[in-house]
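J.: how would this look folded up:
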Amino acid sequence: MMHLTDSTVLNNGVHMPWFGLGTYKAEGAEVAKAVATALELGYRSIDTAAVYGNEEEVGQSIAASGVARDSLFVTTKVWNTDQGYDTTLRAFETSCKKLGLDVIDLYLIHWPGQTLYKDTWRALERLYGEGRVRAIGVSNFQIHHLEELKKESSIVPAVNQVELHPRFIQKELRDYCTQHQIQIEAWAPLMKGRLQDNELLQGIAGKHGKTVSQVILRWGLQSSIVIIPKSVTASRIKENSEIFDFELSADEVSAISGLDAGERIGTNPDNLLF
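T.: Modelled structure (predicted):
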């Protein structure tokens with residue numbers, strides 16, 4: 001049985017927790033409290049981004065938590081307007097300053113855009129080579145972006161963080177990433193609450209004495225997906241983490257995957273043309 005602090009091993013040997021806290025659209029005292037609550041409950045992975053506008057509060061909560069830095073895994077991302085070689089290096093320094101950290105565990109390119117991501121990736125490779133980042137990766141990259149990156153880079157992304165939930169399981173992309181040892185990580189793993197009334201999920205939840213959200217998150221874990229559900233509600237943060245005391249059957253995992261309808265709730269990466 002898995003535990004809250006269990007981790008996957010990335011393609012460079014770095015350990016990344018399977019489970020963490022997302023902080024999208026959480027700011028100020030709200031996000032500071034959420035991070036503090038999560039760390040108290042045993043979360044050890046926190047995901048943020050420059051564009052979220054909350055790196056400073058996330059960093060303050062990490063510093064105040066008393067949790068040893070080497071037991072934490074902190075992810076942040078370079079935003080679209082900062083892409084490019086020199087601008088990415090400057091953006092990274094800004095993120096480090098706001099977070100109060102000298103080393104970031106995982107630094108991601110937030111969106112691919114058209115071509116700037118190649119220069120951005122060169123900057124990430126430099127930061128990795130200098131030991132400023134323990135692992136580098138991408139977010140919202142499709143197969144053709146990864147193929148283009150491969151032509152001009154010397155480091156395979158450690159992680160690809162993408163929209164992924166039972167209505168959008170991204171099987172082809174997941175298979176590609178597995179083949180190339182790129183860990184898939186899901187944002188919006190709960191489809192922003194839109195699956196709560198699904199009869200299949202309700203039935204499975206009732207059988208296990210769990211909530212629909214817990215079943216979905218458990219499905220993610222058993223599908224070898226790193227998950228970072230976002231919440232600022234203490235009871236929800238606790239509920240989301242209570243998924244390590246039960247296991248879905250292979251048939252249940254398959255049935256949940258069968259809900260796939262190719263249904264995005266976020267932006268299609270190919271439509272962002274910066």
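
J.: If you count neighbours, what's buried in the helix or strand harbouring residue 206?
T.: Assessed by DSSP states H and E, residue 206 sits inside helix 199-208. Across helix 199-208, burial judged by 16 or more other CB atoms under 10 Å covers 200, 201, 204, 205, 208. No exception for glycine: its C-beta is placed from N, CA and C like everyone else's.

J.: Ok, stretch 157-172 next?
T.: 157-170.

J.: One more: stretch 217-228?
T.: By neighbour count on 16+ other CB under 10 Å, the buried set for stretch 217-228 is 217, 218, 219, 220, 221, 222, 223, 225, 226, 227, 228.

J.: which non-adjacent residue is nearest residue 228?
T.: Spatial nearest neighbour of residue 228, chain neighbours left out: residue 22 (4.0 Å); criterion: CB to CB, 6 or more residues apart in numbering.

J.: Check residue 71 too.
T.: Leaving out its chain neighbours, the residue that sits closest to residue 71 by CB to CB, 6+ apart is residue 44, at 5.8 Å.

J.: Can you get me a residue count around the one you found?
T.: Neighbourhood size, residue 44 [other CB atoms under 10 Å]: 20.

J.: For it, list the residues it contacts.
T.: 4, 5, 17, 20, 67, 71, 72, 73 (CB atoms under 8 Å, 6 or more residues apart in numbering).

J.: can you check residue 126 too?
T.: Residue 126 makes contacts with residue 89, as judged by CB under 8 Å, 6+ apart.

J.: on that earlier part again, and the furthest pair within the buried residues of stretch 157-172?
T.: Comparing all pairs in the buried residues of stretch 157-172 by CB to CB, the longest separation belongs to 158 and 167, at 26.6 Å.

J.: how far away is the nearest residue in space to residue 211 that is not next to it in sequence from residue 169?
T.: Leaving aside its sequence neighbours, residue 211 sits nearest to residue 205 (CB to CB, 6+ apart; 5.8 Å). Distance, residue 205 to residue 169, by CB to CB, to the nearest Å: 19 Å.

J.: Residue 123 now?
T.: Distance from residue 123 to residue 169, counting by CB to CB: 32 Å.

J.: same check, this time on residue 242
T.: For residue 242, the distance to residue 169 equals 24 Å [CB to CB].

J.: What residue in this structure is the furthest from its centre?
T.: Residue distances from the centre of the chain (CA atoms, centre = their mean) peak at residue 207, which lies 28.7 Å from the mean C-alpha position.

J.: give the contact list for residue 222.
T.: So residue 222 contacts 247, 248, 253 (CB under 8 Å, 6+ apart).

J.: before we move on, what SS does the second one have?
T.: Assigned with DSSP: H, G, I helix; E, B strand; the rest coil, residue 248 falls in the coil class.

J.: hmm, back to that, local confidence estimate at the residue farthest from the centre of the chain?
T.: We have a pLDDT of 98 for residue 207.

J.: what does residue 173 give?
T.: The confidence metric pLDDT takes the value 98 at residue 173.

J.: In terms of secondary structure, what does the helix or strand where it lies contact?
T.: Using DSSP H and E, residue 173 maps to helix 171-179. Under the contact definition 3 or more CB pairs under 8 Å, 6 or more residues apart in numbering; DSSP states H and E, helix 171-179 sits against helix 143-152, strand 159-163, strand 183-187.
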